[in-house]
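**Q** I would like the atomic coordinates for the input below:
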Amino acid sequence: MKFLRFLLFPFSIAYDIVTSLRNLMFDLGFFKETSFKIPTITVGNLSVGGTGKTPQIEYLIRLLRDKHVLSVLSRGYKRSTKDFVLLDAASSAEEVGDEPLQYFNKFKNIAVAVDANRVNGIKILITTKNPEVILLDDAYQHRKVKSSFYILLTKYKDLFVDDFLLPAGNLRERSTGAKRANAIVVTKCPENISISEMENIQKKLQQFKKPLFFSFISYADKTKGSNSILTSNLKDYEVLLITGIANPTPFLKHLKSLNVRFEHQEYADHHHFSKKEIEQIQQKFSKMNIENRLLLTTEKDYIRLYNRLNELNYLAIETQFIGNQKQDFDNLIIGHIQDFSDE
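**A** Numbering: from 1, shown residues only. This next block holds a predicted model:
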């Protein structure tokens, strides 16, 4: 792996020149940034891959939905449609993307839309839905929008300061891009992370002088979908596990911690399952000739598969903050919205 990174390093230099020049043009005002008269909160990262953007957006929805009229805007990764689409009851994951459809299905009374042109998407939402706050999913590098608040996510086991630029590493831009953030959240931490570990990470990130938070992923205590089974009872089942996410490792570790016996079929992130693949999964599950069998997937994959596989179940997840950091984070977001409204 190290040798491959060495071979790809010249391409990373070229990539760095392009992305750095682009950012400089925005910083100097040669490329236009558009700001808006309502709070726009961006959740994003500097790295490719799963840093936990979806559960972080959902955390913000739960925090703000009872206080403000909310809208969520995403690009709709790998969707079949183009331009602006406002989600409705007829929307499918193929048409709008899995994360936006998950938001729409999970939270009522908020508008969810997709548009690769975030400026255009925000303008349409403001005109048609009159939101008080707009949440932007995965828009940290979308410099054409000047968000009022940026939440930068970085994984506990893969901090952006320890990474390299694409293609030698996973960074979309230099780590100095963190200077645009208003807060940094270290995601997917162990729930019992030690104070010394947090202090070590804080030292690595202190150069950016941003409020720093630590979060972990919590799993529901029972499955949803075709069956409602307590996770403490999953050890009594033979499980066929289907995943199509960037990093299923935390989910696998959680199941192993519950002593669950499972066979794992792994697919690429945002995988669009073919008819043949669906048939193969169904056949494999049918051959598990025992009474206590379970077809299990992630919450995000469930959005793409629930109407194509029988007896499908998932475990919901949520972002939680370590210790008393929840109140500090909540106050930071609520305070920003209040300050913005007072201007």
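
**Q** burial of residue 272, as a residue count?
**A** 14 (other CB atoms under 10 Å). To be clear about C-beta, it is placed using only N, CA and C from the backbone, and glycine gets the same treatment.

**Q** Check residue 7 too.
**A** 10.

**Q** can you pull the pLDDT of it?
**A** With respect to pLDDT, residue 7 has a value of 83.

**Q** go on, residue 144?
**A** At residue 144, the pLDDT value in this model is 97.

**Q** For it, list the residues it contacts.
**A** By CB atoms under 8 Å, 6 or more residues apart in numbering, the contact set of residue 144 is 31-34, 117-119.

**Q** now swap in residue 298 and tell me
**A** By CB under 8 Å, 6+ apart, the residues touching residue 298 are 243-245, 248, 251, 314-315, 317.

**Q** and it, bridged to which residues?
**A** Here residue 298 sits in beta bridges with residue 315, as judged by DSSP bridges.

**Q** could you check the distance from the residue minimising distance to the centre of the chain over to residue 187?
**A** In the chain, the residue lying closest to the centroid (CA atoms, centre = their mean) is residue 53, at 2.2 Å. Residue 53 is 9 Å from residue 187, where distance means CB to CB, to the nearest Å.

**Q** next one: stretch 198-206 to chain centre, how far?
**A** On the basis of CA atoms, centre = their mean, to the nearest Å, stretch 198-206 is displaced by 23 Å from the centre of the chain it belongs to.

**Q** Please identify the buried residues of it?
**A** Going by neighbour count (16 or more other CB atoms under 10 Å), the buried part of stretch 198-206 is 198, 201, 205.

**Q** A strand includes the second one, no?
**A** Spelled out, that is residue 201. No. Using DSSP: H, G, I helix; E, B strand; the rest coil, the assignment for residue 201 is helix, not a strand.

**Q** contacting residues for it?
**A** The neighbourhood of residue 201, defined by CB under 8 Å, 6+ apart, consists of 156, 159, 186, 212, 214.

**Q** Put together JSON lines for the residues you listed, with distance to residue 75 and neighbour count on each row.
**A** Formatted as JSON lines, the contacts of residue 201 follow (distance: CB to CB, whole Å; neighbours: other CB atoms under 10 Å):
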{"residue": "156", "distance to residue 75": "26", "neighbour count": "19"}
{"residue": "159", "distance to residue 75": "25", "neighbour count": "17"}
{"residue": "186", "distance to residue 75": "25", "neighbour count": "27"}
{"residue": "212", "distance to residue 75": "27", "neighbour count": "17"}
{"residue": "214", "distance to residue 75": "28", "neighbour count": "22"}
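
**Q** which one of the residues you listed is nearest residue 279?
**A** Lowest distance from residue 279 to these (CB to CB) belongs to residue 156, with 38.3 Å.

**Q** Which of the three states applies to the nearest residue to the closest one once chain neighbours are set aside?
**A** The spatial neighbour of residue 156 that comes closest, neighbours along the chain excluded (CB to CB, 6 or more residues apart in numbering), is residue 189 at 4.4 Å. Secondary structure of residue 189, reduced to three states by three-state DSSP: coil.

**Q** How many residues are close by residue 189?
**A** Neighbour number of residue 189 under other CB under 10 Å is 22.

**Q** ok, back up a step: what's near enough to touch the residue nearest to the centre of the chain?
**A** 43-45, 99, 137-138, 153.

**Q** Turn the residues you listed into TSV, including secondary structure and neighbour count.
**A** What follows is the contacts of residue 53, written out as TSV (DSSP: H, G, I helix; E, B strand; the rest coil; neighbours: other CB atoms under 10 Å):
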residue	secondary structure	neighbour count
43	strand	27
44	strand	24
45	strand	27
99	helix	25
137	strand	25
138	coil	19
153	strand	28
